[in-house]
Structures are given as C-alpha cells and as structure tokens.
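**Q** following is a predicted model, sequence given first.
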Amino acid sequence: MSPGSRGSSSPDDELRLPRPPGFLRRFWGRHPVFADILTALICLTFSLVPATSFTDRIDDAVGVGRLWATTAPIVMVVVVLGCASLLVRRRYPTLVFVGAVAVALAYLLAPAPTGGPMLGIAAYTLAVHRSARACLIGVAVAFGTIAALVAGLAFTGMIGPMIAWNALVGEGLSALIGALIGTNVGNRHRYVAALIDRSRQLVVERDQQARLAAASERDRIARELHDIVAHSLTVMVALAEGVAASSDIDRARPGATAIASTGREALSDMRATLGILREDDAAPLAPLARDTTADTVDSARAAGFDATLTISGDRPELSSAVQLAISRIVQEGVTNAMRHARGAERIDVRVGYRPHAVEVDIVDDGEPVASSTTSPSGYGLRGLRERVVLAGGAVTAGPGSARGWRVHAVIPLEQENHDR
C-alpha cells in the first residue's frame, strides 16, 4: 500500500498535514534575510532606473530641466530610503507601507510619468505580516491620499494629466495586486499556523487524557486486586487457623481442600484482572463479572462463621458493571466482618431486587474496629464507595442498630431497564 493511501497509519496521514512547499518556497523560508535583501535590491533597481532616465528627454524650454535638477535628489533619497526599509518589512510592515506611499508621492515630482513596485510589495507585506483588514485599510488610505494630492497638483497645473493618471492607475493597480496576493498568502499562512496550534493542543489533550485514563485504570486494578487478595487471604488465614487447631487429620482435610480451592479462585481472578496489562489483543479488557455472592458466603461459612444469604425479589438481567459491584460489595463486607469484627460469629447477607434498584446489606454481630475499616489510607471501604458511585449508586457503612457493623448499598436499575 502506498504511503499516501487511505490505509496508511503514519502520523502525517492521520493529522492531514498540508502539502509541503516546493524547493523555492522552502529556500525563501529558510533564508528570510537573503530574501529581504534581494527584494530590496530588485525594488531599488526598478525604481531608480526610470527616475534617472529623464535627463535626455526633458524640455529645458519650459524650465522642466531646471526644476528636475532641484527635485531629483529628493526623489532619489526618498526612493533609496523606501527600498532600504524593505529590509525590516517583516518586523515593521506598517512603517514600510508608509514609506512606500512616500515613494509614490515623490514620483509626482518627476518630469514624466514613472513608478515602481514599492507600493505593491508594501501592500503584500502588510497583508502577510499584519492582517488582511490592516492591508485593506492601508490601501484605502494610501489611494485616498494619492488621489487628493494628485487632484490638487493637477488643478494648479503643477503636474500634467499623464503624470496624474499614471499615479492614480499605476500605483492603484500595483497596490491592489499586491494586496490580493498578500491576502491570499497571509490567510494561508495564518490558517496553517492555526492548524499547527490546534494540533499541538490536541496532542496535549491526548496526553492528558492518556494520563487520566492510566490513573483511572491503576485505581481500578488496585480496587480489584484488593478485593481479590484481601478476601481470599482472609478466608485462607481463617481456614489455616482452623486446620492448625485440629489434631484430627480427617477433620482438617476439608479445610485444607477449601484453602487450595480459595487460592485457585484467587489466582484465576487475578489473571483476569491483570490480563488488561498484556499487549495481546485477546486479553480481556475488564475482570470477569461473574456472580460470586454465594461463593463468598460459602467461604465465610467454611471459615467457621454462621453466614447466611437471603435473596428477595425477581432478579433482572444485570449489566456487568452492576453485577460486579454487587459481588464486590458482598465480598468486601464479608471480608471486613471476618477480619475486623471482634467476636463475630454471624454474618447475614441480604440482596433485594426491587423494581428500580438493588439493595445489598451485610450485617455482623461482632464488635467493629472503626479505625481499621474506615482508614482513609486503605482500599477497603474507599474502593467500595468508588465502585458503587461508578455504578450510579450509594453506599453507607457504620455500626448496626444493636450490635455489629452494617454495610448498606443501593444501586439503581434505571439504566438497565432503559438499555433493555
């Protein structure tokens, strides 16, 4: 596939960059000082040569020669200074345009119609290096000034009609052509500059979005790993303590089997969670959202707790986010009860499916240790709240009405019903 085809995945094709300039334009762009010097020399040549060719063609009988001998140095100095100002045309385009108008007015002192490209180059410079609006105003003011002065000199008989028409038509056309070309080139330069600036902003925004996405993904992985590792290790520790306390090998064998089973499930969940870190396209982008509520209660029961699970209402079809939230809520609540509730013997888990929401309650009968379960530096209840908020719900945790600790969460189902 060719580099310029639609299927190319190069950055230049994705950004749709404008066509690169040709050799001459690249040369002028890389050597602006040389370009300005050459422009000033060409303008000086085409401006001074006509002005110095009147000596053999003037009529001494009417005193034109004597008058030109007086005004010629003034015209030459104005033309030289005006052309020299082109060397700074990129930095001071307005000053250069004013100098070009002065050169056009100086040509009125010549004994015959003459002119030069100075006003056209200045109009081009004003449009490219300032703005099209500034160029339009400048050309209008310049033409008005030239027209007023020409009308006054022609009315008093100081200049002939040919000089007057040459000043109006010649300088007007030169300024108009320079303004049109400069407006086209200047607008293109400004458009390309705007595109480049916008592309830089998009790159910055893309990097910011990537960093935010990476931070969010790290938080999500941390929550998943905490839920998996904390619950599994808590169950395994409780089972291991039971096995160690038993001297009967036959009675200890089920506990050891449960430890191995819990470890295998934890490894499976960790592989699914960490799969997103692989570059393989076949890796899952999110942990498997299976219903582990019953497994969590069974593991607490195997660890020696009187754990119960009560489900009420008709279970609707749930999205993966809501199902995962329910499973993790139960897992975190049961894990906290097993780890932190001193003297807890009973853990009641209730999941109620309502028409518009799912309610989850985890209640134990132990003595809670608030500093352990609500520590701002841990991932327990903080990660649980973040998970429920992402699902559009709310969660509360605190001491129960009589004894123990209660975790209560409500997850709305409006989005689920709308999707179906």
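**A** Sure, I can see it.

**Q** tell me where the longest helix sits in the protein.
**A** Longest helix in the chain, counting residues (DSSP state H): helix 171-245.

**Q** report all helices and strands that it contacts.
**A** In this structure, helix 171-245 makes packing contacts with helix 118-129, helix 132-156, helix 249-274, helix 293-302, helix 320-340, helix 380-390, judged by 3 or more C-beta pairs under 8 Å, 6 or more residues apart in numbering; DSSP states H and E. All C-beta spots, glycine's among them, are computed from the backbone N, C-alpha and C.

**Q** just name the most buried of those.
**A** Ranked by average neighbour count under the criterion mean count of other C-beta atoms under 10 Å, these are headed by helix 118-129 at a mean of 28.

**Q** and for it, what's in contact with it?
**A** If you take C-beta atoms under 8 Å, 6 or more residues apart in numbering as the criterion, helix 118-129 is touched by 39, 43, 47, 79, 82-83, 86, 89-90, 93-94, 96-97, 99-101, 103-104, 134-135, 138-139, 142, 171, 174-179, 181-183, 185-186, 189.

**Q** how about V128, nearest residue that isn't a chain neighbour?
**A** G186 (4.1 Å; C-beta to C-beta, 6 or more residues apart in numbering).

**Q** which residues sit in contact with the one you found?
**A** With C-beta under 8 Å, 6+ apart, G186 has these contacts: A127, V128, H129, S131, A132, C135.

**Q** max pairwise distance over the residues you listed: which two?
**A** Pairwise distances across the contacts of G186 (C-beta to C-beta) peak at 11.4 Å, for the pair H129 and A132.

**Q** any idea how far the nearest residue to S299 once chain neighbours are set aside lies from G99?
**A** In this structure, S299 finds its nearest non-sequential neighbour in V235, 4.4 Å apart by C-beta to C-beta, 6+ apart. For V235, the distance to G99 equals 89 Å [C-beta to C-beta, to the nearest Å].

**Q** of these two, which one has the most company?
**A** V235 (27 against 23; other C-beta atoms under 10 Å).

**Q** got the phi/psi numbers for A397?
**A** Backbone torsions of A397, given as degrees, to the nearest 10, read phi -140, psi 140.

**Q** partners of it in the sheet?
**A** V407 (DSSP bridges).

**Q** is it true that it touches V388?
**A** No: when contacts are counted by C-beta atoms under 8 Å, A397 is not listed as touching V388 (10.8 Å).

**Q** in a markdown table: the contacts of G186, plus pLDDT and distance to N166.
**A** A markdown table is the format used below for the contacts of G186 (pLDDT from 0 to 100; distance: C-beta to C-beta, whole Å):
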| residue | pLDDT | distance to N166 |
| --- | --- | --- |
| A127 | 93 | 24 |
| V128 | 92 | 27 |
| H129 | 91 | 29 |
| S131 | 90 | 30 |
| A132 | 90 | 27 |
| C135 | 92 | 23 |
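
**Q** and which of the residues you listed is nearest to E217?
**A** After measuring the contacts of G186 against E217 - C-beta to C-beta - the closest member comes out as S131, at 46.4 Å.

**Q** in terms of pLDDT, where does the closest residue to that closest one other than its chain neighbours sit?
**A** Nearest residue to S131 in three dimensions, chain neighbours excluded: G186, at 7.2 Å (C-beta to C-beta, 6+ apart). Note on G186: pLDDT of 90.
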